[in-house]
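In: give me coordinates for this.
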Amino acid sequence: MSLVRLSFKHGKTLDEARTHLASSVSQLTGQFPGIIQHVEWSEDRSSVQLAGTGFEIRMRVDPEEVHVTGDIPLLGRLLASPLMSGVKGVLERNFQKRLT
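Out: As a prediction, the model looks like this:
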C-alpha cells in the first residue's frame with residue numbers, strides 16, 4: 001500500500017475546524033459516491049475515516065492543524081490520483097489554504 005500524509009494549519013477554532021471537516025466529508029461523498037463506500041466518525045466529530053474497496057483515508061482536526069492520512073493500494077493508483085486531488089481540493093476550499 002502507498003501511504004499519503006498531509007497536514008496543515010487551519011487557523012480556526014476547534015469547533016469551526018470540525019464544521020469545516022464535516023462539510024469537506026459531505027462534499028467528498030457527493031463527489032465520489034461510487035468510490036467512498038463507508039464513513040465512520042469519532043464520537044467528538046474531530047476525526048473521520050473514509051473507506052472504499054481497497055483504500056482508507058483518515059482525516060482529523062486538532063486545535064491547530066488538519067491531518068490527512070491515506071492508505072491506497074498499488075493497484076488503486078488509477079483511483080489514487082483523482083481521489084487525493086479531490087480531497088486536497090475540497091480541503092483547500094473549505095479551509096481556504098493552498099496545499100502543496
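
In: where does the chain have low pLDDT?
Out: 1-2, 73-81, 97-100 (pLDDT under 70).

In: do that again at 50, thanks
Out: 1, 75 (pLDDT under 50).

In: tell me where it has strands.
Out: Shown for the chain, the strands assigned by DSSP state E span residues 2-9, 38-41, 47-52, 55-61, 65-72.

In: pairing partners for the second one, with directions?
Out: According to DSSP bridges, the neighbouring strands of strand 38-41, each with its direction, are strand 47-52 (antiparallel).

In: and what of the first one?
Out: Here the strand partners of strand 2-9, with direction, are listed using DSSP bridges: strand 65-72 (antiparallel).

In: and the angle for the partner strand with strand 55-61?
Out: Per axes from the mean of the first three to the mean of the last three CA atoms, to 10 degrees, the angle that strand 65-72 makes with strand 55-61 is 170 degrees.

In: buried ones in strand 65-72?
Out: 66, 68, 70, 72 (16 or more other CB atoms under 10 Å). C-beta here means a position set from N, CA and C on the backbone, and glycine is covered the same way.

In: run the chain-centre distance for stretch 61-68.
Out: In terms of CA atoms, centre = their mean, to the nearest Å, the centre of stretch 61-68 is found 11 Å from the chain centre.

In: correction: stretch 3-22
Out: Going by CA atoms, centre = their mean, where stretch 3-22 is centred and where its chain is centred differ by 9 Å.

In: again with stretch 33-48
Out: Centroid displacement of stretch 33-48 relative to its chain, using CA atoms, centre = their mean, is 9 Å.

In: got the buried residues for it?
Out: Neighbour-count burial for stretch 33-48 [16+ other CB under 10 Å]: 35, 36, 46, 47, 48.

In: and the furthest pair within these?
Out: 35 and 46 (23.8 Å; CB to CB).
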